[in-house]
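# Have a look at this prediction, sequence included:
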Amino acid sequence: MTSQSRMTSNEFLQSQDTVGHVDTLYQDGITGLKGAFSREWAERMREDMMTAFWAAIQRPGGAVGRGPRRWYVEIHPQDFSGFVDLVTHPWVTGLCEAVLGPRYEIVEIGFDTPFQGAKNQPWHRDFPSPPETYGQRRITSLAFNLTGVDVTSDMGPFEVAPGTQWLDGREWKHEMFPPQEVWPQFAERAVRKYPQMGDISCRSAVTMHRGTTHLSPISRPVLVLGVDAPGAGHAALHDLMVTQDYHDTLPGSVRDHLVCRIVDELVPVTQKHDIEGLVMGVE
């Protein structure tokens with residue numbers, strides 16, 4: 001149950017100043033909402049993530065390395081008990097509609113999990129910037145993040161360089177990894193994020209960012225919801241699937257946006273989006 005469940009979508013969007021969040025997203029490449037969900041909801045999310053992690057780490061291709069002691073796992077929507085709560089939250093749907101259009105596509109659900117010993121990642125973006133973004137300054141994909149813990153300074157907090165979503169990047173390695181000599185430019189802008197359980201953030205997937213050194217014995221799982229504008233094409237990097245009975249229970253507003261296969265029986269996700277440049281930590 002979300003903390004805004006008693007409000008209508010219009011009331012919620014008006015109270016939270018959707019236009020202001022869109023403006024912040026276009027200016028900084030990231031925006032956020034405090035207390036979008038209850039701590040109890042976030043705790044269940046954490047339990048779902050860690051259950052999925054321990055299952056995924058035991059099978060080939062189940063957990064993809066994103067640096068030393070850091071993994072990424074894609075999950076099935078129905079393995080996350082809060083999936084419908086998340087994708088129907090008025091702040092999420094409001095930003096998706098305002099930025100990506102009314103036919104936005106939900107293409108990814110997964111989580112990143114750094115453990116003690118994770119290193120600084122190289123500065124990067126999630127995939128190459130499309131011409132619509134670097135040429136026309138139009139955002140065509142969003143990444144929503146929700147933390148499973150109250151983040152502290154020793155938990156390898158997420159670091160983002162505001163305003164970098166408009167950089168071209170076509171000359172970078174894989175169009176995602178700038179050369180190390182320009183990293184100080186991102187470090188000068190860098191902001192570390194310390195979200196609490198129940199908070200949610202939304203960023204352009206091409207805003208420059210990295211995970212940082214994780215010293216705490218407590219892992220820091222963070223959920224990732226990936227959403228595209230029509231034609232962005234990132235569904236090809238993922239393989240969302242649901243069973244028919246689960247699909248039948250989804251609200252029509254969710255089915256209309258979910259890009260997935262409908263299967264008789266779920267099979268473990270073999271991940272397609274292996275970001276080679278993140279396999280080694282840099283510090």
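Good, I have the coordinates.
# Provide a list of residue ranges in the stretch 1-150 of the chain with pLDDT below threshold.
Within the stretch 1-150 of the chain, the stretches with pLDDT under 70 are 1-16.
# what about 80?
Screening the stretch 1-150 of the chain residue by residue with the criterion pLDDT under 80, one finds the ranges 1-17.
# how about the helices in it?
With DSSP state H, counting those that start in this stretch, the ranges of helices along the stretch 1-150 of the chain come out as 9-15, 18-28, 39-56, 83-87, 90-100, 131-134.
# Now the last one - C-alpha only, PDB.
Listed next in PDB are the C-alpha coordinates belonging to helix 131-134 (Å, rounded to 0.1, in the frame of the first residue of the first chain):
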ATOM      1  CA  PRO A 131      19.800  11.100 -31.600                       C
ATOM      2  CA  GLU A 132      16.600  12.300 -30.100                       C
ATOM      3  CA  THR A 133      18.400  13.000 -26.800                       C
ATOM      4  CA  TYR A 134      21.800  14.400 -27.800                       C
END
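# Quick check: buried residues in that helix?
By 16 or more other C-beta atoms under 10 Å, the buried positions in helix 131-134 come out as 133, 134. For the C-beta atoms, the positions are set from N, CA and C on the backbone; glycine is no exception.
# would you list the helices of the stretch 1-150 of the chain in JSON lines and tack on distance to residue 182?
As requested, those are exported to JSON lines (distance: least, C-beta to C-beta, whole Å):
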{"stretch": "helix 9-15", "distance to residue 182": "38"}
{"stretch": "helix 18-28", "distance to residue 182": "19"}
{"stretch": "helix 39-56", "distance to residue 182": "34"}
{"stretch": "helix 83-87", "distance to residue 182": "35"}
{"stretch": "helix 90-100", "distance to residue 182": "27"}
{"stretch": "helix 131-134", "distance to residue 182": "16"}
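# Which of those sits closest to residue 153?
Of all the helices of the stretch 1-150 of the chain, helix 39-56 sits nearest to residue 153, with 19.7 Å by C-beta to C-beta.
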